[in-house]
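Participant: Structure for the following, please:
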Amino acid sequence: MMFAMRAYICLTALAMLVLPFSARAADQEAQTWISAGGVAQIDDNDRIGIETSYRLRPADDQLLQRITLDHRIADGVQLGGGFAFVTSRRQKEMRFHQQLIIDLGVLQSRTRLEQRYIDSAARPAWRLRERIQLDIPLEKQRKWFLLTSAEFFFELHKPSAVQDSELVTTRQLIGLRHVLTPRLGIQLSYMRQHSFPDNRPDEVVHVPWLAIAWRL
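Facilitator: Purely as a prediction, here's the structure:
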């Protein structure tokens, strides 16, 4: 009964976020993402994370490599920053970011500000990302979790090569996370990414996503 109630709440919240964007006509595409990451605790307040994500896309595969350092400033509150390299056959990007994470247990939020240096653009692009996530344990042993999130991307300062509206992308995700050992977990998710380019049909990407996470 408890499992069903938690699943219902989570799916209802996701549906409320997805449905407003589903009525618009959009081009559809399927991708597959595979990612692996590790987090190492430096001391009681600091941790470093490394992530690699390979994205299989119909036109051009993409590789993202990111490193982030987070510092705990209060219980459940972290400030951090880092950088990433994003490469594909068509485009290369170096991306710096700063972020604020608030962790309330089941509910987490992340605000991330990015500075994107794209090789095809004369000026950097500034982007704001706001994410809300629910991570719901499905049994007392806390080995299985139901995960759902919504993330919103806003372009703050655009290079001339980018022709997008202010709200450029939304992402909705739902999946299962399984704790294999105290240091190793695996997650299988479905993500729907909806982009809103100017003067073109919307673009919707459907992504099955496999992620592996280590605690080092």
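Participant: Please enumerate the strands of the chain.
Facilitator: Under the criterion DSSP state E, the chain contains strands at 26-30, 32-41, 46-56, 62-74, 77-88, 92-103, 107-118, 125-137, 144-157, 164-181, 184-197, 202-215.
Participant: and the ones you listed as JSON lines, adding mean neighbour count?
Facilitator: For the C-beta atoms, the positions are set from N, CA and C on the backbone; glycine is no exception. Formatted as JSON lines, the strands of the chain follow (neighbours: other CB atoms under 10 Å):
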{"stretch": "strand 26-30", "mean neighbour count": "13"}
{"stretch": "strand 32-41", "mean neighbour count": "15"}
{"stretch": "strand 46-56", "mean neighbour count": "16"}
{"stretch": "strand 62-74", "mean neighbour count": "15"}
{"stretch": "strand 77-88", "mean neighbour count": "16"}
{"stretch": "strand 92-103", "mean neighbour count": "16"}
{"stretch": "strand 107-118", "mean neighbour count": "16"}
{"stretch": "strand 125-137", "mean neighbour count": "17"}
{"stretch": "strand 144-157", "mean neighbour count": "18"}
{"stretch": "strand 164-181", "mean neighbour count": "16"}
{"stretch": "strand 184-197", "mean neighbour count": "16"}
{"stretch": "strand 202-215", "mean neighbour count": "16"}
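Participant: Give the full set of residues in contact with the nearest residue to residue 51 once chain neighbours are set aside.
Facilitator: Nearest residue to residue 51, sequence neighbours excluded (CB to CB, 6 or more residues apart in numbering): residue 37, at 3.9 Å. Counting by CB atoms under 8 Å, 6 or more residues apart in numbering, residue 37 touches 49-52, 211-214.
Participant: The same query, at a cut-off of 10 Å, please.
Facilitator: 49-53, 66, 68, 211-214 (CB atoms under 10 Å, 6 or more residues apart in numbering).
Participant: can you list the weak-confidence ranges in the protein?
Facilitator: By pLDDT under 70, the weakly predicted segments of the chain are 1-26, 158-165.
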